[in-house]
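Engineer: would you be able to build a 3D model of this:
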Amino acid sequence: MWRSLIGLLTPAGYARFMATSFVSLLWSRRATRSPVDGIGWPLLVLAAGVVAIWIGWVGYSASDDAAYYEAALRWLDHPPVAGDDHWATRFPLILSLAGMIALLGKGATAMGATALGWYVVFVASVRGLGARIAGTRAGWIVALLMATMPVVVTNATTVSCDLAEASFLIMGIALAGDIAVGRAESWRSVVAGLAFGGAILCRETTALALFGFVPLFLVGRPIPRRALILMAFACAGLLAGEALFQVALTGDPLHRWTLAFHHDGHIDRAANLEGNFLLYPAIDPLLVLLVNDDFVLIFWLAGAALAWRFHRRLDRSGQRRMLVVAALALATFLLVGALTTKLVLNPRYFMLPTLAAALAVAIWLDGMRPAPRAALLAIALGANALMLSVENQHPRWPAEALLMAAEGHPAEAIATDAETQHRALIPLGWHGLDHVVTGEAAPGGLALLPEGAASAGLRIVERYPSPPTMLGGLLDRGGVARHLPNHVAARLLAPNPTMLLAVAR
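Structural biologist: Okay, the predicted model is just below:
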């Protein structure tokens with residue numbers, strides 16, 4: 001057993017485990033057919049997903065993905081690697097990225113393929129869980145909702161641990177639901193526990209969701225206590241295998257946990273305000289769900305589904321499965337909201353509550369007549385697309401402008417600030433550009449800087465205006481943008497500062 005657990009830490013063992021769990025998840029006997037089922041739903045999900053990815057594509061963002069990329073390169077150059085920061089210990093993501101780099105080479109293509117690969121696994125896992133709970137059509141509806149959700153799409157175009165963590169969680173939840181409806185316990189308990197362990201290896205926040213099993217254990221339903229104990233042992237066994245791996249390389253079995261708990265000394269309210277509408281700490285987590293462009297309408301629609309008693313449409317087995325999802329989603333919501341000094345109120349931490357809300361909405365819509373179902377789906381998908389279209393798709397525009405300047409002027413040194421140079425360092429390496437320096441440019445030399453007072457009087461060589469948001473570009477081409485209020489037009493048409501390449505005095 002221990003040899004098998006340790007084997008999961010190798011790329012081949014990890015790939016075998018993931019493939020086995022994924023195939024098991026997709027198999028479901030709760031398939032209910034209807035005239036619109038068949039090839040139509042998969043094509044609709046595929047088309048909606050492609051459009052959502054096209055609208056919301058960010059790609060390399062010079063943030064956490066830079067740390068994941070560097071960690072993957074270390075695995076390729078000198079394996080095995082214990083990880084010297086908490087990003088580098090997220091082994092399922094790191095190993096999948098390393099595999100893509102080995103297959104496709106260094107560059108943005110490997111990173112994009114890794115991100116999209118986990119997006120496909122996530123959407124397929126969501127569909128499988130939905131079909132298990134409420135049947136085929138509900139499975140496709142929840143896949144459609146989640147495939148276009150901004151909180152999902154924005155994490156599907158750049159290398160991120162969020163969808164990998166969520167995929168493993170869903171695999172475990174689906175198998176736990178199988179046990180709750182009386183299917184064979186032993187192997188499902190072991191594989192579910194390993195899936196939860198895999199999710200923890202993606203990011204430690206999974207442990208918060210697993211607290212949802214505590215009340216289920218206390219009441220002994222719908223999952224037998226012996227199955228939960230076996231799950232816990234399997235999960236602990238995988239984590240123990242990772243601890244032995246860390247002992248072998250660092251001498252410290254808690255190496256990953258020390259890095260995870262101390263990567264941020266303190267998180268204050270100012271960090272929580274980024275992208276959120278907050279009023280008072282006790283209700284702020286709920287406001288994050290209800291007033292946020294990452295979730296759009298899903299929690300409002302879930303409220304309507306609850307008011308219409310969506311759960312009445314489920315048979316007994318479906319209710320048991322949904323109870324498992326709800327227990328873990330509620331634990332995530334409560335604990336993330338409570339740990340305000342350790343976690344930012346970041347929408348991506350609420351992926352499991354979002355899935356629970358989408359499942360409720362899908363079950364509700366599944367019971368409607370075709371016309372109102374289509375109308376509500378159109379509203380939900382349209383709102384998702386609208387919110388994606390107002391996102392800033394170039395969050396590191398100064399670094400992108402620096403890369404463009406370096407490619408356009410390969411024979412001249414270009415000076416810029418240390419932050420911009422750091423953000424552009426990996427793409428500059430992909431293109432073999434090494435003539436960017438930090439600090440002040442020599443007189444007559446080139447400097448990249450934002451348009452403003454500091455650039456007054458300089459001779460401008462190139463201008464790099466920020467690309468508009470997707471919606472801003474459409475409104476501009478349609479002649480509508482000029483009628484918008486100035487602050488709205490600026491947010492849509494120029495979400496980032498214009499960068500200048502100028503000759504220094």
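
Engineer: what's the closest non-adjacent residue to residue 492?
Structural biologist: Using C-beta to C-beta, 6 or more residues apart in numbering and skipping residues adjacent in sequence, the residue nearest residue 492 is residue 472, 3.2 Å away. Bear in mind the C-beta positions are built from the backbone N, C-alpha and C, glycine included.

Engineer: in which helix or strand would I find that neighbour?
Structural biologist: Using DSSP states H and E, residue 472 falls within helix 470-477.

Engineer: other residues contacting that helix?
Structural biologist: Under the contact criterion C-beta atoms under 8 Å, 6 or more residues apart in numbering, helix 470-477 has outside partners 55, 386, 388-391, 393, 467-468, 481, 484, 489, 491-493, 495.

Engineer: go with 6 Å
Structural biologist: The contact list for helix 470-477, computed with C-beta atoms under 6 Å, 6 or more residues apart in numbering, reads 55, 389, 390, 481, 492, 493.

Engineer: JSON lines please, covering those residues and showing neighbour count, distance to residue 444 and secondary structure.
Structural biologist: Output for the contacts of helix 470-477, formatted as JSON lines (neighbours: other C-beta atoms under 10 Å; distance: C-beta to C-beta, whole Å; DSSP: H, G, I helix; E, B strand; the rest coil):
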{"residue": "55", "neighbour count": "22", "distance to residue 444": "43", "secondary structure": "helix"}
{"residue": "389", "neighbour count": "19", "distance to residue 444": "43", "secondary structure": "helix"}
{"residue": "390", "neighbour count": "16", "distance to residue 444": "42", "secondary structure": "coil"}
{"residue": "481", "neighbour count": "18", "distance to residue 444": "39", "secondary structure": "helix"}
{"residue": "492", "neighbour count": "22", "distance to residue 444": "38", "secondary structure": "helix"}
{"residue": "493", "neighbour count": "20", "distance to residue 444": "34", "secondary structure": "helix"}
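
Engineer: between the residues you listed, which sits nearest residue 156?
Structural biologist: Nearest to residue 156, judged by C-beta to C-beta, of the contacts of helix 470-477 is residue 55 at 11.7 Å.

Engineer: state the distance from that closest one to residue 358.
Structural biologist: According to C-beta to C-beta, to the nearest Å, residue 55 and residue 358 sit 19 Å apart.

Engineer: circling back: flag every buried residue along the helix holding residue 472.
Structural biologist: 470, 471, 472, 475, 476 (16 or more other C-beta atoms under 10 Å).

Engineer: so where's the chain uncertain?
Structural biologist: Within the chain, the stretches with pLDDT under 70 are 1-38, 263-275.

Engineer: hmm, back to that, what about the residue nearest to residue 492, distance to residue 487?
Structural biologist: Separation of residue 472 from residue 487 (C-beta to C-beta) stands at 13 Å.

Engineer: I'd like to know how many residues surround residue 482.
Structural biologist: Close neighbours of residue 482, defined as other C-beta atoms under 10 Å, add up to 9.

Engineer: to clarify, my last question referred to residue 44.
Structural biologist: What residue 44 shows, counting by other C-beta under 10 Å, is a neighbour count of 18.

Engineer: and what of the one 5 residues further on?
Structural biologist: Taking other C-beta under 10 Å as the neighbour definition, residue 49 ends up with a count of 22.

Engineer: and if you look at the one 5 residues further on?
Structural biologist: For residue 54, the count of nearby residues is 12 (other C-beta under 10 Å).

Engineer: so which helix or strand takes in it?
Structural biologist: Going by DSSP H and E, residue 54 is part of helix 40-56.

Engineer: going by neighbour count, list what's buried in that helix.
Structural biologist: Buried residues in helix 40-56, counting neighbours by 16+ other C-beta under 10 Å, are found at 41, 44, 45, 48, 49, 51, 52, 53, 55, 56.

Engineer: and stretch 80-90, by the same measure?
Structural biologist: Along stretch 80-90, these residues count as buried under the neighbour rule (16+ other C-beta under 10 Å): 81, 82, 83, 86, 87, 88, 89, 90.

Engineer: when you compare where the helix holding residue 54 runs with where helix 470-477 runs, what's the angle?
Structural biologist: Comparing the axes of helix 40-56 and helix 470-477 via axes from the mean of the first three to the mean of the last three C-alpha atoms, to 10 degrees yields an angle of 70 degrees.

Engineer: and the next element down the chain from helix 40-56?
Structural biologist: Going down the chain from helix 40-56, the next helix or strand is helix 64-77, by DSSP H and E.

Engineer: and the contacts of that following helix?
Structural biologist: 81, 87, 88, 94, 97, 98, 101, 158, 159, 426.

Engineer: gap between the two ends of stretch 219-229?
Structural biologist: 14 Å (C-alpha to C-alpha, to the nearest Å).

Engineer: show residues contacting that stretch.
Structural biologist: Contacts for stretch 219-229 (C-beta under 6 Å, 6+ apart): 176, 179, 180, 185, 189, 213, 216, 217, 320, 323.

Engineer: distance from that stretch to the middle of the chain?
Structural biologist: Mean-position distance between stretch 219-229 and its chain equals 30 Å (C-alpha atoms, centre = their mean, to the nearest Å).

Engineer: list the buried ones in it?
Structural biologist: Using 16+ other C-beta under 10 Å as the test for burial, stretch 219-229 gives 222, 223, 224, 227, 228.

Engineer: quick one, the helix or strand where residue 385 lies and helix 40-56 angle?
Structural biologist: In the assignment (DSSP H and E), residue 385 maps to helix 370-389. Counting by the same axes, to 10 degrees, helix 370-389 points 20 degrees away from the direction of helix 40-56.

Engineer: I'm done for today, thanks for sticking with me.
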